[in-house]
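**Student:** Give me a model of this one.
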Amino acid sequence: MNLQVANRPAIRRTALAIALSMGFAGAAFAQSTTGSIFGDAPAAQGETVLIQNATGFSREVPVDAQGRFAASQLPLGTYTVILRQNGQTVDSRKDVTLRVGAGSQVSFAAAASSANAQNLSAITVSANALPAIDVTGVDSRTVITAEQLAKLPLARSAEAIALLAPGVVEGSALFTGTAGGNVVTFGGSSVTENAYYINGFNTTDPLSGLGGLTLPYGAIDQQEILSGGYGAAYGRSDGGVISQVGKRGTNEWHFGAQIQWTPKSLKSDPKNYYYVSGTRAGDMRQYRNGNKAWDTTVSGYVGGPLIKDKLFFFAAAEAERKEGTNVGSDTAPRTTTYRYDDPKWYAKLDWNINDSNILEVTGASSKESYAGSLYDFDYATRTTGAFNSFDTSHKYGSDLYSAKFTSYITDNLTVSAMYGQMKGTLYENLVGSDAPYVFGADKQNPAFTGGSPIAGPQGVDYVKDPAHTSKNTNLRLDISYHLGDHTITAGIDNQNVADNHDSQIDSGPGYAWQYDSGDPNMFILGGPVANGAGWQSMPWVQAPNSSANGQSGYFVSRYIYAVGASVTTKQRAQYIEDAWQVSDRWLVKLGLRNDQFTNNNGAGVPYLRLTSPQWAPRVGFSWDVNGDSSFKVYGNAGRYYLAMPASVALRAAGSSLYTNEYYTYTGIDANGAPTGLTPIASSTGGPISNNLEYGQPRDPMTAAARNLKSEYQDEYILGFDKQLNQSWTFGAKATYRDLRNAIDDVGDSFAIQRKMTAMGIDPATVGAIQGSYLFNPGRTNTFMIPKADGSGYYEVPMTMQDYGFNTTLKRHYAGLNLYLEHPFDGKWYGKIDYLWSHSYGNSEGQVRSDIGQTDVSATVDWDYAQVMDYANGDLSNDRRHQIKAYGSYQLTPEVLLGGNLLVMSGMPKSCLGYYGPNETNPGLGYGSYYHFCNGQPYSPGEQHQPWTYRLDLNAEYRPEWAGKKLAFNVMVYNVLDKQTTTQTYAIHGSSAKINPSYGRPYSSMTPRYVRFGVSYDF
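**Tutor:** Residues are numbered from 1 along each chain as shown. Sure, this is the predicted structure:
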């Protein structure tokens, strides 16, 4: 309910002034697990305020001479706030519910007469509800509570909840999270640039940044979604934050159970995918009509006091099982029957040691187990045939254990310390064919296939070490001190990661076959036309027509890929922040954070040592315009640094092997392997690696530029929130983000050779120049090149002009969000957001969505100059228009309805072909990866995918005859069964030979499904 406008004049001081003067502002951090209560009361001698919740936790704080009180860093829950004088209760306020990271205002006001003002028995509660607007916040956050989750039609994941927040969109379907789930992007940033938290512990995937450990759905008390502006206490993300706070026990025992069932029979048929380009246009790419599964989730919880008022326990568990079938594409024509088992659990102990000290212990786990069998599939008859092989089984997941101690040393001084460990399991086991995997079967010579690609028996492309594990430890110490008009917080945030036995090799015999085709008279890689004078010194592979049977332009390569190491990272940070009460209505937050990152190779030697000060200033303000929490203007500016995850070392600082050996062929056998091979000449006389990755150990001194700087982004936000009336709140927010620095790899070692010659360095004295280096695009980077005699290194500064780049790093995001919200009034709740945004530039970030490249900071971008020509345009995570609306309606005391609407413009399209009007393959000769299409420049975003529209609905029946403890619910996801294509294949090929896969669907909207549920809560 809203704070009644008529009551506001009776409150003598602004909410902001009360909060600040009592040390509230700044005491509840972003990604915290706590909230605060503040307010005012008639000042009188011996007056205090007692704050109690259902766990027996209590704090008693004094009312100062100005009639103000505040209590910060309170555990989440529902509180009773009691006004006392000399130990006697004078007045009280019940059912004060805290939201994470926010302040709740509770004010007691005296009657108008001076006589009554001295008579405490005349005091009444002047505001019976919380203000609709939190005037103490300067960041951009959305908090979704367990009560809202129970009322809204959502998929059961942290990412699905995050999509309710403005500016959060689904990432490319080519990326998956740590346990196979979807990933999201915030404000135009890439999907690896977010941070995940559980009860204050950083659970972000430490290997790649793709997702993180999350709670069982029924264990979520509140989920906080931060899309910008958070304070100096937290960092290591320049996208957004998903922070979950789990439930806790109370002084009453509660338990419950739920079963949810998604039947296969009520799922809509997924649409089939077809080729749309070249000679295969109209042919079926993938038969998907039968790709369905049934899904059952069983969950339960229990919570209560082990020792009343002292020690509390809560536990929740969830077990999901999914069984179904999936038909692969015509290049991998197999039917997979599969089973997923996804168990999750969460447990928490809360110990109220005394009124000044509390201890919280958290345990959480999430696992995914998979097993599958592959059967032959005949695309001519669309029938499943004989057993082929077993799919690679796996068990992925993480286990978390953490402890947090909080001490309220004085009314002005609070200290908290947290330590925990998260251990990851990444087990894989292959029981399959010894045959090599076949890439690009759709590009096989149709003269030998009869028009149907021959993929062979091998259904697994790569094999990983089954001993692969990870370990992430996190230590935090936070101190908050209130001094006059200032609340000063400071602390440390330390994290260590170990990535053990992380390796990946080709399946089968340790190599794969990769088919391709092109102009029979054009060099496959490099050559005189592409690279001009001196082309012989760069990697090259002759044209197919230079070898027997190459007149058609079809060729194949034996592809070998192998990486592996055990590596570690160390991340340290210190911060300080001052929340300054400039005046009764103005709050200014001034913060400064310093991050240090160290990444070690497999020998424990640093290859990245980013330990010089990396200052990240944060400045924010809040203006309580009317002084009654009805109108807030706020803004902030900040810098956010991003650490490099552990997996970067595998290629940047390990022993990476990545080669192709090219042949023409006269046939293809039943296993998809070429026959009648004739080698095609290359610059090495055999296998060739564009980036000189031949398996040699990497010198850590040469892994990266010696003056390398971390990725960081600057962000600016300005907005307002205003109560339209007692029932509605509206607001607007403008956001601008500028990626100021990034880390990627550059592969043009030949440009370094030319620069050294120009520096007068004798080529005979130069040792091995690596095929790729981590560097900062857009800056001058200095590389250490070994001397041939082993006596040291040459320092070689390389400008962007030295490489031939005609552009510099660009990633910009601009957004304008408008919203209208109706707070829950006992009958209904609703919110609608409209966001106009534009994400543009030439670098998406650490990964690349249009081609599904997951190698963090090792994308095609910036490898050499030609791949960046005409790269400026709309970035992959650009969604120009977004409309989000969700809410719930209590139709009758027993029947609840809910809805969720998402309308969004489509992602940009890419068309990647050969270079220039002559469609050559210059530089390192990556093939069809240039920003040209049919010989014409094609910048990303010249076209977009179509708009998407999705409506989800749910209903719940909670009968009175069961005391409302029993509930029946149903949800319909994608009611209109829209299956709009969301992403298409971007590799075009040449105008003479268009890639048949160009333009085919990569992904489309999830078809309609129906989920039923029954729950009981006692």
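**Student:** Any idea how far apart the tips of stretch 803-823 sit?
**Tutor:** Start and end residues of stretch 803-823 are separated by 56 Å (Cα to Cα, to the nearest Å).
**Student:** got the buried residues for it?
**Tutor:** For stretch 803-823, a neighbour-count test (16 or more other Cβ atoms under 10 Å) marks 803, 805, 807, 809-811, 813-815, 817, 819, 821-823 as buried. C-betas here are computed from N, CA, C, even on glycine.
**Student:** which one of these is nearest Gly56?
**Tutor:** Of all the buried residues of stretch 803-823, Pro823 has the smallest distance to Gly56: 29.9 Å, by Cβ to Cβ.
**Student:** I figured the closest one hits Gly887, correct?
**Tutor:** No. In this structure, Pro823 is not within contact of Gly887 by Cβ atoms under 8 Å, at 10.7 Å.
**Student:** who's in contact with Asp869?
**Tutor:** Applying Cβ atoms under 8 Å, 6 or more residues apart in numbering to Asp869 gives the contacts 806-807, 915, 930-931, 937.
**Student:** And the furthest pair within the residues you listed?
**Tutor:** Thr807 and Tyr915 (15.2 Å).
**Student:** picking that back up, out of the buried residues of stretch 803-823, name the ones that lie in strands.
**Tutor:** Judged by DSSP state E, strands contain the following of those: 811, 813-815, 817, 819, 821-822.
**Student:** State the next helix or strand along the chain beyond the top helix by length along the chain.
**Tutor:** Identified as the longest helix of the chain according to DSSP state H is helix 749-758. Note on helix 749-758: by DSSP states H and E, the next helix or strand toward the C-terminus is strand 773-775.
**Student:** by contact count, what packs against the helix or strand just after that next one?
**Tutor:** Following strand 773-775 in sequence order, the next helix or strand is strand 781-786 (DSSP H and E). In terms of contacts (3 or more Cβ pairs under 8 Å, 6 or more residues apart in numbering; DSSP states H and E), strand 781-786 is packed against helix 749-758, strand 773-775, strand 793-798.
**Student:** List the buried residues for stretch 485-503?
**Tutor:** Within stretch 485-503, the residues scored as buried using 16+ other Cβ under 10 Å are 486-491, 493-500, 502-503.
**Student:** Kindly report the same for stretch 307-326.
**Tutor:** Buried positions in stretch 307-326, judged by neighbour count with 16+ other Cβ under 10 Å: 310-318, 320-322, 324-326.
**Student:** so how far is that stretch off the chain centroid?
**Tutor:** 24 Å (Cα atoms, centre = their mean, to the nearest Å).
**Student:** mean confidence for that stretch?
**Tutor:** For stretch 307-326, the mean pLDDT works out to 96.
**Student:** now the closest residue to Lys151 other than its chain neighbours: how far from Tyr301?
**Tutor:** With sequence-adjacent residues excluded and distances taken as Cβ to Cβ, 6 or more residues apart in numbering, Lys151 is closest to Ser888, at 3.8 Å. Ser888 sits at a distance of 22 Å from Tyr301 (criterion: Cβ to Cβ, to the nearest Å).
**Student:** who has more neighbours, these two?
**Tutor:** Ser888 (23 against 20; other Cβ atoms under 10 Å).
**Student:** Isn't the more buried one up against Val895?
**Tutor:** No. Contact criterion Cβ under 8 Å: Ser888 and Val895 do not qualify, at 11.2 Å.
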